[in-house]
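Novice: Task: produce atomic coordinates for the following.
(one chain, ligands or ions: 2)
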Amino acid sequence: MRILVFGAGSLGSLIGGLLAATHDVTLVGREPHVSTVRDQGLEITGEIETTTYPDADTTVPDSAELAIVTVKSYDTGEAAQALRAADPDVVLSLQNGLGNEESLSEPLDGAVLAGTCTYGARLVEPGIVGCTGVGTVTLGARGGGDSAVAERTAGAFESADVDTTVAADMPRRLWEKLAINAGINAITALARVENGALAEGAAGDVAARAAAETARVARDSGVELPDERAIDRLEAVVETTAPNRSSMYQDLEAGQRTEIDAINGAVCERASEPVPINETLTALIETWERGRNLRS
Ligand SMILES: NC(=O)C1=CN([C@@H]2O[C@H](COP(=O)(O)OP(=O)(O)OC[C@H]3O[C@@H](n4cnc5c(N)ncnc54)[C@H](OP(=O)(O)O)[C@@H]3O)[C@@H](O)[C@H]2O)C=CC1
Ligand SMILES: CC(C)(CO)C(=O)C(=O)O
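Specialist: Ligands and ions are numbered 1, 2, ... in the order given. Next comes the predicted model:
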């Protein structure tokens, strides 16, 4: 399959690098990473060790069967515009947060699939990406239901040994992942603690309330997600990722913009009743971003 990965940072390089073992892959990213990959190949280190040889560029090729989007959520609109030149048959987002599929489907004609990914990745240096956790890609029709396109896409991932599940309930899964990120990311970033610090105490209670608010907004949006399910999933992820620094904690440490708009901000935007925990977390992170001139 001719696959284009838009946003060859940490996750895009890992997934694109793995897919390049059996597919014709182009990584679209930044210099000097893309020239290093073109010249020397992409080295994957950590929990998976291999070198593959995807093509790499700063602009999109003129066609693609599948485009995988792995930019940060605040760059999705720009990614969608850039992808018009490749006119991909199928577009798949593996990003965190809500609203990415909507941003992609507006300017693009191809089928847009929803996805989540529990692989962990970190760009170590140009040409080298670390796999910090072997996980699963879950994908399916963005509105839910069976999808032959999703089955074909999953087949392409599996033929490259990327563990993949096709799900007929992607809306619920996206909200469930959102509840986890809404509970963990901003709190660990603001308190500068690893995920495991939310296993007990006041911060853990606030995280559970953020997840429960998210579940309520999901139900108001027509997605069946009980509070207990959202809190159970949050607690399970806090336990399994206890030593991790959340991506938002890492963003704050690096002085970079966060994905707050697509996480707690997305909950606030869709809520028809007050969601005080999500509103507070959004306001605090946005204030930090404004103070750093990372948002207008
Ligand atoms: N890393 C991980 O383990 C996981 C990440 N995710 C999600 O995946 C998404 C990506 O995360 P991650 O890989 O960590 O982020 P990164 O910032 O490492 O990767 C995104 C890359 O896309 C590049 N990019 C943005 N816009 C363009 C453009 N117009 N042209 C070319 N390149 C562009 C960025 O460059 P620049 O920074 O210069 O703009 C950056 O290199 C997020 O939504 C994240 O939440 C989900 C699961 C796991
Ligand atoms: C699941 C979790 C919270 C793991 O750290 C994550 O997705 C993130 O940090 O963005």
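
Novice: Flag every residue of the stretch 101-250 of the chain that's near ligand 2.
Specialist: For the stretch 101-250 of the chain, the contact set with ligand 2 under CB under 6 Å from any ligand atom comprises I180, N181, I184, N185, N195, V237, T241, N244, S246, S247. To be clear about C-beta, it is placed using only N, CA and C from the backbone, and glycine gets the same treatment.

Novice: and the residues you listed as a markdown table, adding secondary structure and neighbour count?
Specialist: Converted to a markdown table, these look like this (DSSP: H, G, I helix; E, B strand; the rest coil; neighbours: other CB atoms under 10 Å):
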| residue | secondary structure | neighbour count |
| --- | --- | --- |
| I180 | helix | 26 |
| N181 | helix | 26 |
| I184 | helix | 25 |
| N185 | helix | 28 |
| N195 | helix | 24 |
| V237 | helix | 20 |
| T241 | coil | 18 |
| N244 | coil | 19 |
| S246 | coil | 21 |
| S247 | helix | 20 |
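
Novice: between those, which is nearest ligand 1?
Specialist: Set against ligand 1, the nearest of those by CB to the nearest ligand atom is S247 (5.3 Å).

Novice: I'd say the closest one and E259 touch.
Specialist: Yes. S247 is within contact range of E259, at 7.1 Å (criterion: CB atoms under 8 Å).

Novice: Need the overlap of contacts for the two.
Specialist: Residues within reach of S247 and of E259 at once, by CB atoms under 8 Å, 6 or more residues apart in numbering, are N96, N185.

Novice: Just the CA trace of stretch 43-56, in CSV.
Specialist: Presented in CSV, the C-alpha positions along stretch 43-56 are these (Å, rounded to 0.1, in the frame of the first residue of the first chain):
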residue,chain,number,x,y,z
GLU,A,43,16.4,3.4,13.2
ILE,A,44,13.8,2.2,15.7
THR,A,45,15.3,1.6,19.2
GLY,A,46,13.9,0.5,22.6
GLU,A,47,11.1,-2.1,22.9
ILE,A,48,11.4,-2.7,19.1
GLU,A,49,14.8,-2.7,17.4
THR,A,50,15.0,-2.5,13.7
THR,A,51,15.9,-0.2,10.8
THR,A,52,13.6,0.5,7.9
TYR,A,53,13.9,2.7,4.8
PRO,A,54,10.8,4.9,4.2
ASP,A,55,11.0,7.8,1.8
ALA,A,56,10.9,11.1,3.7
